[in-house]
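**Student:** Give me the fold of what follows.
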Amino acid sequence: MELGLKDKVILVTGGASGIGQEIVKKLQALEAIPIVIDRVKKVEVKWGQDSSIIPEPQWITVDLVEEDPCRKAVGQIIDQFGRIDGLVNNAGMNDGVGLTSSLDQFRSSIEANLIHYFTMAHLCLEALKKNKGTIINIGSKVSFTGQGCTSGYAASKGGITSLTREWAVDLAAFGVRVNAVIPGEVMTPMYNHWLRSFESPQDKLQAIATNIPLEKRMTTSAEVAMSVIFLLSQWSSHTTGQFLFVDGGYTHLDRSLSTIHTS
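**Tutor:** Below is the predicted model:
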C-alpha cells in the first residue's frame with residue numbers, strides 16, 4: 001500500500017531546520033510537494049549535500065506572527081499549485097519565559113508558539129476542506145510533564161494539544177484529519193545550542209539521556225519526521241484527534257526505569 005503523498009502540497013512551518021527540515025526532506029523523497037514557511041531565507045540554510053532540494057517557488061519567507069504576510073503566502077500557494085493537502089504546524093521554540101518573566105514576555109511567547117498555529121489553520125481551512133486534507137500539530141512533552149521556568153512555552157504547547165482535539169471535532173464532517181505529534185528530548189540544532197550554554201554540555205546530555213527509558217538516548221529529528229509522515233499519509237486514514245508520542249517512553253513510563261540496566 002502506497003503512502004499516497006505523491007504530488008500532495010504540504011505546508012511545513014519552521015521547515016528550514018531541525019524537525020521541520022527533516023519533515024521536508026522526507027516529503028521530498030516521497031515525491032510530495034513540501035512548501036517551507038519560515039522566517040529564515042532559503043539562502044541562509046544548509047541542506048547537506050543537496051542545497052537545491054527545495055526549488056525556490058516552494059520556499060516562502062514569512063514571519064508567522066504577522067497575519068497579512070501569512071495570508072499572502074497561503075494565497076500564493078493556492079494560486080500556484082491550486083490546492084493544499086496538508087499543514088504541518090511546527091514552528092516554535094522553548095524560550096524560557098517563566099513566572100518571573102514580564103507579562104509582555106509571556107504574551108510574546110504565546111504569540112510566537114501558539115497563535116500562528118491557529119492563523120495557518122484558519123487561512124488553509126477552505127483548501128483543506130476541499131481536498132479532505134490533514135493537519136499535524138507538533139506539540140511537546142512539556143505540556144504533559146511540566147519542565148519549570150517555561151510558562152509561555154508550556155501554555156502554548158498545552159493549547160496546541162487542546163486545539164488538536166477541538167479541530168478534529170470541527171473538521172471530522174469534512175473528512176479533514178487533525179492529529180498531533182508529541183516529541184520528547186530531540187537533538188536539534190536549537191537543542192544543541194542550549195546544551196552548549198552549560199559548563200559541561202556532554203555531562204548535561206548524559207544526565208538527560210539517562211532518563212529516557214528506550215535505549216537511553218535522545219530522539220532524532222528523523223524519527224519525529226517519520227511519525228509525521230505516517231499521520232499525513234493514507235496509512236492513518238481513519239486516525240484523528242490523536243496524540244502520537246515520539247519520546248522513547250520519556251513521558252509515560254516509570255522514572256525508575258532510569259536506574260534499571262539490562263544486559
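
**Student:** tell me the pLDDT at the spatially closest residue to Ser140 that is not a sequence neighbour?
**Tutor:** Distances taken as Cβ to Cβ, 6 or more residues apart in numbering place Lys157 nearest to Ser140, at 4.2 Å, with adjacent residues excluded. For glycine as for every other residue, the C-beta is placed from the backbone atoms N, C-alpha and C. We have a pLDDT of 97 for Lys157.

**Student:** which residues in the stretch 101-250 of the chain form strands?
**Tutor:** 134-138, 177-183, 243-246 (DSSP state E, counting those that start in this stretch).

**Student:** As a markdown table, those strands with distance to Phe198 would be great.
**Tutor:** Output for the strands of the stretch 101-250 of the chain, formatted as a markdown table (distance: least, Cβ to Cβ, whole Å):
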| stretch | distance to Phe198 |
| --- | --- |
| strand 134-138 | 25 |
| strand 177-183 | 21 |
| strand 243-246 | 25 |
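
**Student:** want to throw those strands into CSV with mean pLDDT and distance to Leu114?
**Tutor:** Shown next, in CSV, are the strands of the stretch 101-250 of the chain (pLDDT from 0 to 100; distance: least, Cβ to Cβ, whole Å):
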stretch, mean pLDDT, distance to Leu114
strand 134-138, 98, 10
strand 177-183, 98, 13
strand 243-246, 98, 16
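
**Student:** How far does stretch 78-95 stretch from one end to the other?
**Tutor:** 33 Å (Cα to Cα, to the nearest Å).

**Student:** can you pull the buried residues of it?
**Tutor:** 78, 81, 83-92, 94-95 (16 or more other Cβ atoms under 10 Å).

**Student:** Give me the distance from that stretch to the chain's centre.
**Tutor:** Distance of stretch 78-95 from its chain centroid, counting by Cα atoms, centre = their mean, to the nearest Å, is 10 Å.

**Student:** hey, where'd the helices end up in the stretch 1-150 of the chain?
**Tutor:** 18-29, 67-81, 103-110, 116-130, 142-145 (DSSP state H, counting those that start in this stretch).

**Student:** returning to that earlier point: please determine how far the residue nearest to Ser140 is located from Gly15.
**Tutor:** 19 Å (Cβ to Cβ, to the nearest Å).

**Student:** neighbour-wise, which of these two wins?
**Tutor:** More crowded of Lys157 and Gly15, by other Cβ atoms under 10 Å: Gly15, with 30 against 26.

**Student:** nearest to Phe198, of the buried residues of stretch 78-95?
**Tutor:** Asn94 (15.0 Å; Cβ to Cβ).

**Student:** Surely that closest one is in contact with Tyr153?
**Tutor:** Yes - the pair Asn94 / Tyr153 is scored as a contact, 4.7 Å apart, by Cβ atoms under 8 Å.
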